[in-house]
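Visitor: Please find the sequence and the predicted model below.
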Protein chains: 2
Amino acid sequence: MSTIEDVAKLAGLSRTTVSRVINNHPYVSEDKRKLVIEAMNQLGYVPNSSARSLRSQKTDVIALFVPRIMNPFFSQLVESMEMAAAEKGYQLIICQTRYSPEKELNYMNLLKTKQVDGVILASIQNEWKVLEPFLDYGPIVLCNEFDEQANVPSVMLDQAQGGYIATKHLLEQGHRRIAYCQGGTRSNVASHREIGFRRALLEYGIEFEERYAFRDAFSSEDGRRVFHQMMKLSAPPTAVFTGSDEVAAGIVSEAIKCGYSVPEQLAVVGFDNQAITELMEPTITTVHQPVEKMAHKALEVMVEKIRSRKYRRREVYEFPIELIVRESTVSNRLAK
Amino acid sequence: MSTIEDVAKLAGLSRTTVSRVINNHPYVSEDKRKLVIEAMNQLGYVPNSSARSLRSQKTDVIALFVPRIMNPFFSQLVESMEMAAAEKGYQLIICQTRYSPEKELNYMNLLKTKQVDGVILASIQNEWKVLEPFLDYGPIVLCNEFDEQANVPSVMLDQAQGGYIATKHLLEQGHRRIAYCQGGTRSNVASHREIGFRRALLEYGIEFEERYAFRDAFSSEDGRRVFHQMMKLSAPPTAVFTGSDEVAAGIVSEAIKCGYSVPEQLAVVGFDNQAITELMEPTITTVHQPVEKMAHKALEVMVEKIRSRKYRRREVYEFPIELIVRESTVSNRLAK
DNA sequence: CGTGTAAGTGAAATCGTTTTCATATTTGAA
DNA sequence: TTCAAATATGAAAACGATTTCACTTACACG
């Protein structure tokens, strides 16, 4: 475990010069540079990152907060974010809040203790006023989240548009009784989708009916349950918009099992464009979210904020969302 | 951003005493302890982790190497590992090798630069002799991997058993022409499953036929392709063992689409017990891997190795694997 | 009453870098 | 030829904690 001092001695130079070589500072002559590099190789030297961080007051590490990783949406977010980070020479520390405000608050200390240069929140469990004080210790960037109060950058997807285009698609297929199915009421993501959903109905002069709304659907099991709840209604819906492919898959799966035909008797649209939507029979119409683009942008913004140190300003970056039409909303049995 | 010095001054004590309070050392009188704690609260002080790491030569950070996160098996591994780490007061840095030896080698420098206390490899892309030298800088623990050469702890699942019980199940259902379908030949995971597969056949006096083997199936698309390749064979298999639920789902999906009935005309067994196996129609028989247990054990072993500093010894911890029988191998249409 | 041990505290060294500041040399323009 | 700017190097301070070592006081025991 050699130190910069060892390298300096072997090269017959000062620590300063070695440091300059390591950091590509100008003002090092070519011959000394070679001496240093040779000495470093000979000793197998690599700089100690704690020492570096301590002196230069940066860690090149960013913390990413997610509720949990298994959720495919967040898997993809983490995957994309890690790649974006690697590209820029940053490491990513993963923090699973598991929907707990306490855990979230606890992880926030990474910023305070200077273990990370910044925090990207892809999930918010506390009120903003609780999180705000941490801004004294470094930048916070919201990703796929948004808070009215928060005076920080926010990189997000146009969820309202997502709800809108999916619903409009169903309306165009002739449906008039459309159920609304969503989980995670906490998040503004859900509420924005509902705004889009309502806007589409409004355009067609249809009233939003609360009895068609199911706001506690997270898993495929929930989807199965919701299917039965819907079908028990008088004048059951002929189509359903869901905020999750898993829920959509549950609904489709249960419908088929019960002898219903999809989309003829019930059209279903999911959200997220997960792998499963292409595997089900019928395949499921869904809304594709450009997660990778969002992740890259969020990381890019974070890196910029770390550099500039001006991060107490709201900036919103929004990406468009795209409908992918598959069999669960359009009957193409004839074509087969 | 106050330092330990500030706290010491405010409390009218020395840095040493403050440090003792922070680290719960004995030999601090109760009244001084109170003074220190009050001063810390008043200043909102938290110790700087870079300074701590530098002096105490540990970071309380562990690196986890995975090929990629989106793969549900690894999602679950990362999720479980993060929780285990949090429990023990460690942070997790995620490293996606994306199956690249260069990326893996590059991430290994985290150990050399002392940015992490240890590395857990849930994926190995380089020869062991390439990785071995890094042991000079800290412990390496294998998780779900194994290497003949590696003189380090290895926490794994009994993959051979997995291949065995799944295959035996098919044999018990009366199948005699069973296809073998696998991706990732690099990994010993695949080869161990094949060992189990072959052992089961052997017990039934059946010869392993290479023409029934497909070793390049990773995705559901590959599954669709393999389905057609299988069915084109003379005397096509009546059952197929796959090393992945995604592939199994692809096979099932394509079979149904082409008018085949599962399991009557083709029985399919997957691997991983992913969510999708319960959503497909029919549901898919699969092999459940106790990923969470494995992750916890791997982290536990790692923490112990960090403490003891004796980690250049092979130790193998193996967990049993379990078959979950569903509709894709057992006809229960009658029951419906 | 002496003395060995435990309890309590602080000064200073230390961890391994980067940064600041000082200084020497070279270059180029007037 | 002169002198300011650019280039090149090193000594020492700084980053913020923990650890070592030395020292004092209190207490128990023979």
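Guide: Yep, that arrived.
Visitor: Which SSE is immediately downstream of the helix or strand of chain A with the lowest mean pLDDT?
Guide: Between all helices and strands in chain A, the lowest mean by mean pLDDT, DSSP states H and E belongs to helix A:276-279, at a mean of 90. Downstream of helix A:276-279, the first helix or strand assigned by DSSP states H and E is strand A:286-288.
Visitor: now that next one: mean pLDDT?
Guide: What strand A:286-288 shows for mean pLDDT is 97.
Visitor: How about the helix or strand that it is followed by and chain B, touching?
Guide: Remark: after strand A:286-288, the chain's next helix or strand is helix A:291-308, criterion DSSP H and E. No. Using C-beta under 8 Å from any C-beta of the partner chain, helix A:291-308 stays clear of chain B, coming no nearer than 10.4 Å. No exception for glycine: its C-beta is placed from N, CA and C like everyone else's.
Visitor: buried stuff in helix A:291-308?
Guide: A:291, A:294-303, A:305-306 (16 or more other C-beta atoms under 10 Å in any protein chain shown).
Visitor: Also stretch A:135-151?
Guide: Buried, per 16+ other C-beta under 10 Å, within stretch A:135-151: A:135, A:137-147, A:150.
Visitor: would JSON lines of the residues you listed with secondary structure, distance to A:K32 and pLDDT be doable?
Guide: Below are the buried residues of stretch A:135-151 laid out as JSON lines (DSSP: H, G, I helix; E, B strand; the rest coil; distance: C-beta to C-beta, whole Å; pLDDT from 0 to 100):
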{"residue": "A:L135", "secondary structure": "helix", "distance to A:K32": "43", "pLDDT": "97"}
{"residue": "A:Y137", "secondary structure": "helix", "distance to A:K32": "39", "pLDDT": "96"}
{"residue": "A:G138", "secondary structure": "coil", "distance to A:K32": "36", "pLDDT": "97"}
{"residue": "A:P139", "secondary structure": "coil", "distance to A:K32": "37", "pLDDT": "98"}
{"residue": "A:I140", "secondary structure": "strand", "distance to A:K32": "42", "pLDDT": "98"}
{"residue": "A:V141", "secondary structure": "strand", "distance to A:K32": "41", "pLDDT": "98"}
{"residue": "A:L142", "secondary structure": "strand", "distance to A:K32": "47", "pLDDT": "97"}
{"residue": "A:C143", "secondary structure": "strand", "distance to A:K32": "44", "pLDDT": "97"}
{"residue": "A:N144", "secondary structure": "coil", "distance to A:K32": "49", "pLDDT": "95"}
{"residue": "A:E145", "secondary structure": "coil", "distance to A:K32": "50", "pLDDT": "92"}
{"residue": "A:F146", "secondary structure": "coil", "distance to A:K32": "52", "pLDDT": "90"}
{"residue": "A:D147", "secondary structure": "coil", "distance to A:K32": "52", "pLDDT": "91"}
{"residue": "A:A150", "secondary structure": "coil", "distance to A:K32": "49", "pLDDT": "95"}
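Visitor: could you pick out which of those are near chain B?
Guide: Among the buried residues of stretch A:135-151, chain B is touched by A:Y137 when using C-beta under 8 Å from any C-beta.
Visitor: ok, how many other residues are close to A:A217?
Guide: If you count neighbours by other C-beta atoms under 10 Å in any protein chain shown, A:A217 ends up with 26.
Visitor: what do you get for the one 5 residues further on?
Guide: Each residue near A:D222 was counted by other C-beta under 10 Å, and the total is 20.
Visitor: Show me the strands in chain A, by range?
Guide: Taking DSSP state E, the strands of chain A run over residues A:61-66, A:91-96, A:118-121, A:140-143, A:153-157, A:178-181, A:213-214, A:239-242, A:267-269, A:286-288, A:315-319, A:322-324.
Visitor: Show me what the shortest one packs onto, helices and strands only.
Guide: In terms of contacts (3 or more C-beta pairs under 8 Å, 6 or more residues apart in numbering or on different chains; DSSP states H and E), strand A:213-214 is packed against strand A:178-181, helix A:220-232.
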